[in-house]
Structures are given as C-alpha cells and as structure tokens.
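> Provided below for reference: sequence and predicted model.
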Amino acid sequence: MIDFPTPIAGTVTIAALIGLGIFVYPFLLKQRGGAGLVGAITVVLTFLFYAFDSSRDEPIALSAGLAVLWALAPVAAGTIVYRLSRRGAAAEPPR
C-alpha cells in the first residue's frame with residue numbers, strides 16, 4: 001500500500017470529522033437522497049482511512065475496525081447536528 005505521511009493523514013481525518021460531520025452531512029440529510037450519498041461517502045472514507053492505517057505494522061482487523069469507527073464518527077456528528085437543527089427550527093414561533 002501507499003505510505004501516507006502522518007501529517008497528511010491526520011489533516012484529512014480532522015477535516016473529514018469536522019467538515020463533513022458538522023457542515024456537509026447535516027445539509028445532505030435535509031436533501032432528497034442525501035442519506036444514500038452520506039452512506040456512499042462513508043464507504044469511501046472507510047477505504048481511505050484503511051489506506052492511511054494499513055501501511056503501519058498493525059493487524060488487518062485492527063486497521064479495518066479503526067477505519068470503520070473513524071468513518072462513522074462524522075455520520076454520528078452529522079446526525080446529531082441535523083437533529084438539533086431540526087428540533088431548533090420546530091421550536092421557533094412562526095413569523
């Protein structure tokens with residue numbers, strides 16, 4: 001596999017967690033077909049995170065498990081932000 005430098009892998013990981021989880025996923029979840037797109041992005045992220053970790057001397061199962069957890073973290077954050085924003089919009093009085 002390709003050996004990714006740790007600073008690049010770390011930057012991509014943080015950008016995915018923050019950028020996707022807080023901004024992109026909540027927006028996509030409001031759109032028609034957005035849940036499917038979030039699922040597709042999550043699968044791509046899983047492979048990307050696995051590629052980051054597989055070059056190290058870790059067991060394959062550990063690398064795969066960590067990749068799944070890292071890929072699901074933005075989904076969890078995006079779902080929380082989506083639900084909080086939906087709940088906040090419902091609590092506002094009509095104008």
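Everything's here; your move.
> now do the longest helix along the chain: which elements does it pack against?
Longest among the helix segments of the chain by residue count, using DSSP state H, is helix 60-91. Packing partners of helix 60-91 (3 or more CB pairs under 8 Å, 6 or more residues apart in numbering; DSSP states H and E): helix 25-30, helix 34-54. Where you see a C-beta, it was placed from the backbone N, CA and C, and this is true even at glycine.
> among those helices, which is nearest residue 9?
helix 34-54 (4.1 Å; CB to CB).
> tell me what the helix-or-strand element of the chain with minimal mean pLDDT is packed against?
Sorting the helices and strands of the chain by mean pLDDT, DSSP states H and E puts helix 6-15 at the bottom, at a mean of 76. Applying 3+ CB pairs under 8 Å, 6+ apart, one finds that helix 6-15 contacts helix 34-54.
> next, the angle from the helix it packs on to helix 6-15.
With axes from the mean of the first three to the mean of the last three CA atoms, to 10 degrees defining the directions, helix 34-54 sits at 160 degrees from helix 6-15.
> helices or strands next to helix 34-54 in the packing?
Using 3+ CB pairs under 8 Å, 6+ apart, helix 34-54 is in contact with helix 6-15, helix 25-30, helix 60-91.
> hey, which of those is tucked in deepest?
helix 25-30 (a mean of 18; mean count of other CB atoms under 10 Å).
> what's it in contact with?
Helix 25-30 is contacted by residues 34-35, 37-38, 74-75, 77-79, 81-82, 85 when judged by CB atoms under 8 Å, 6 or more residues apart in numbering.
> could you rerun that using 10 Å?
With CB atoms under 10 Å, 6 or more residues apart in numbering as the test, helix 25-30 has contacts from 19-20, 34-38, 41-42, 74-86.
> re earlier: between the longest helix of the chain and helix 34-54, how big is the angle?
150 degrees.
> measure the spatially most central residue of the chain to residue 49 for me?
Closest to where the C-alpha atoms of the chain average out (CA atoms, centre = their mean) is residue 74, at 3.0 Å. Counting by CB to CB, to the nearest Å, the gap from residue 74 to residue 49 is 11 Å.
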